[in-house]
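**Student:** Please work out how this folds:
(chains A and B)
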There are 2 protein chains.
Amino acid sequence: MSAATHLIALDWGTSSLRGALMDAHGEVLREADTADGIMSAAGRGFRAVFDSLAGGWLRDYPRAAVLAAGMIGSRQGWREAPYVACPAGFAELGAGLAWLDDAGLSLGFVPGLATRHADGAPDVMRGEEVQIFGALDALGVDDGIFVLPGTHSKWAVVENRRVLRFHTFMTGEVFALLRQHSILSRTMPAKDATPWSAARDSFLAACAAAAGGTLLHRLFSVRAQGLFGTLPEELQSDYLSGLVIGEEIREALSLLGGSMPRQVHLVCSPDLFQRYHAALSVFGIGSSDCVRQASFRGMLAIARERALIS
Amino acid sequence: MSAATHLIALDWGTSSLRGALMDAHGEVLREADTADGIMSAAGRGFRAVFDSLAGGWLRDYPRAAVLAAGMIGSRQGWREAPYVACPAGFAELGAGLAWLDDAGLSLGFVPGLATRHADGAPDVMRGEEVQIFGALDALGVDDGIFVLPGTHSKWAVVENRRVLRFHTFMTGEVFALLRQHSILSRTMPAKDATPWSAARDSFLAACAAAAGGTLLHRLFSVRAQGLFGTLPEELQSDYLSGLVIGEEIREALSLLGGSMPRQVHLVCSPDLFQRYHAALSVFGIGSSDCVRQASFRGMLAIARERALIS
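**Tutor:** Numbers count the residues shown, from 1 in each chain, chains lettered A, B, ... in the order given. Have a look, this model is predicted:
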């Protein structure tokens, strides 16, 4: 197959699908997203969902390369692209692409990454790896700690444009469970509406409290402080957020130990950037500006590496 | 009011009500329980629930003293008995009883306890305090660390039959949220059916892993180990249980520091005793046998202290 001049990049996760049509310079010509993550898309059929999002792009650019990253490449997705073991760089990710040919569509699934911790425990990521490679490309750096906050936050150690190892933290999911389903949720307003400027101090106080490393104990203090009127209801959600994000950072520092630099690279939405940037500063760590479109950029970098586009 | 010869003791929490009719020696003559915790009882009316459970006992022993402990004495309960500040012993709890007189029924609500940690954060218990005093009575001890595992586990420091201070841990609730609602629950069997003899090794391995103090990270390893086939689905729930209980013990050791003895007193059901006894041993801590009927015994001890029964 001769190299294409365009790339269709799909960031296809559990609960959403975002797609972009890019030219070889990385300019995004068209963009679309749907709530057809692999959970809901499985019912409609992956090909039907693909066609409705990107079928028109492919008709206009029939020779475009097509790559997909995220849970769509897992065992529960369209086609499994097995995890590639760390250390891994662009070359290993590109070599691990799993190809599907389906009625005129040739689609490459980006593999996830697997690592093994010092104690033998495994860890995995799927979808975040393209964001890391996109951020490397966007920032023009070869090394550093890349932090990807989210449901399952990732901290990845990168050297010479290769992911050496990484750690996952269930921060976002634990926050959401506590925010929505725990006893703590009963005294919180149903919706988070406190502006960051008003929430910041409570958030930072919780980050500092989290530095003590007693999360299960501190969680209950949200309730006790509420009972005694020292933590107003409209600030409890932000305090809770500070406790779990602060705990994530404390744990990451403990796991990364001596290899922790003074500055990390944050890859996330502007909202999360604000929160993590502030939380990291409590621990004396700086963070570079957030990278936009990291996922699409990462797929473009992999497509270039594999000479899929020119 | 002259002293009664019998006590009706009600352990009335958020989701259940357990009652006992005891003689002055502590012998339980009748016992009953219902799912009418304060949540469901509020709808039917607290008096109606009381009558259906203990109305007959009161007709047979009209001069019986009646005490109730637990969330029934909270702001959301039948009558509020405000928290008593630690340090507190039998005398302070007895003095804090809040009395309700309602159509021939005189009912004393046991107050909860409040403490303030070194950093100023408040903490509360309500219901557990009578169990601690019941255990003191049952074990014939005056001092020690009392551990009450549960939805919101409590670790209380007792000296000279007074609770000096305590720490709450949201262990049971965090476990339940993760077990039932998180991504980890997806690969676990719907019901926990693995016998303790088969689950013990996984549980203990997780307790040891928890000693490292990286809970948010370790939680994800349940999933990753499942993906790589190193943690079978039927053992994942016990591994998760070990992670959170191990974390609770690690945090308690860090909070209690130098005041931690080689042995604690566990007050809980036999199932939880087995689990906590094993988990504590990973941290080199022994635990005394579990106390039965600690709640009823505690109310009896308070009734005696206040000369409500003779």
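
**Student:** Quick check: residue A:18 is in a strand.
**Tutor:** Yes - the assignment for residue A:18 is a strand, going by DSSP: H, G, I helix; E, B strand; the rest coil.

**Student:** do you know how far it is from residue A:37?
**Tutor:** Note on residue A:18: its distance to residue A:37, by Cβ to Cβ, to the nearest Å, is 10 Å. Heads up, the C-betas are built off the backbone N, CA and C, glycines and all.

**Student:** shared neighbours, the two?
**Tutor:** Counting by Cβ atoms under 8 Å, 6 or more residues apart in numbering or on different chains, the shared contacts of residue A:18 and residue A:37 are residue A:12.

**Student:** Tell me if the lowest-mean-pLDDT helix or strand in chain A is near chain B.
**Tutor:** Least confident helix or strand, chain A: helix A:38-44 with a mean of 88, by mean pLDDT, DSSP states H and E. No - Helix A:38-44 does not reach chain B (Cβ under 8 Å from any Cβ of the partner chain); its nearest approach is 11.1 Å.

**Student:** What is the following helix or strand past that helix packed up against?
**Tutor:** Counting by DSSP states H and E, the element after helix A:38-44 in chain order, helix or strand, is helix A:46-60. When contacts are defined as 3 or more Cβ pairs under 8 Å, 6 or more residues apart in numbering or on different chains; DSSP states H and E, helix A:46-60 packs onto strand A:6-12, strand A:17-23, strand A:28-34, strand A:105-109.

**Student:** in its sheet, what does the third one sit against?
**Tutor:** Based on DSSP bridges, the pairing partners of strand A:28-34 within the sheet are strand A:17-23 (antiparallel).

**Student:** longest helix of chain A?
**Tutor:** helix A:233-256 (DSSP state H).

**Student:** Just list the residues touching residue A:64, thanks.
**Tutor:** By Cβ under 8 Å, 6+ apart, the residues touching residue A:64 are A:4-8, A:21, A:57-58.

**Student:** Nearest residue to it in space, ignoring adjacent ones along the chain?
**Tutor:** residue A:6 (4.1 Å; Cβ to Cβ, 6 or more residues apart in numbering or on different chains).

**Student:** coming back round to it: most neighbours per residue, which of the helices and strands packed on helix A:46-60?
**Tutor:** Highest mean neighbour count of the helices and strands packed on helix A:46-60: strand A:6-12, a mean of 26 (counted as mean count of other Cβ atoms under 10 Å in any protein chain shown).

**Student:** tell me the SS of residue A:258?
**Tutor:** Relying on three-state DSSP, one would call residue A:258 helix.

**Student:** how about the residues of the stretch 101-250 of chain A near chain B?
**Tutor:** Going by Cβ under 8 Å from any Cβ, the residues of the stretch 101-250 of chain A near chain B are A:114, A:119, A:121-124, A:152, A:167-171, A:173-174, A:177-178, A:181-183, A:209, A:212-221, A:223-225, A:227-228, A:230, A:244, A:247-248.

**Student:** And the contacts of the least confident helix or strand of chain A?
**Tutor:** For helix A:38-44, using Cβ under 8 Å, 6+ apart, the contacting residues are A:12-15, A:17, A:36, A:46, A:49, A:71-72, A:74, A:76-78.

**Student:** Using a markdown table, please lay out those residues together with pLDDT.
**Tutor:** Listed next are those as a markdown table, based on pLDDT from 0 to 100:
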| residue | pLDDT |
| --- | --- |
| A:12 | 96 |
| A:13 | 93 |
| A:14 | 89 |
| A:15 | 87 |
| A:17 | 96 |
| A:36 | 94 |
| A:46 | 96 |
| A:49 | 96 |
| A:71 | 95 |
| A:72 | 97 |
| A:74 | 95 |
| A:76 | 90 |
| A:77 | 95 |
| A:78 | 96 |
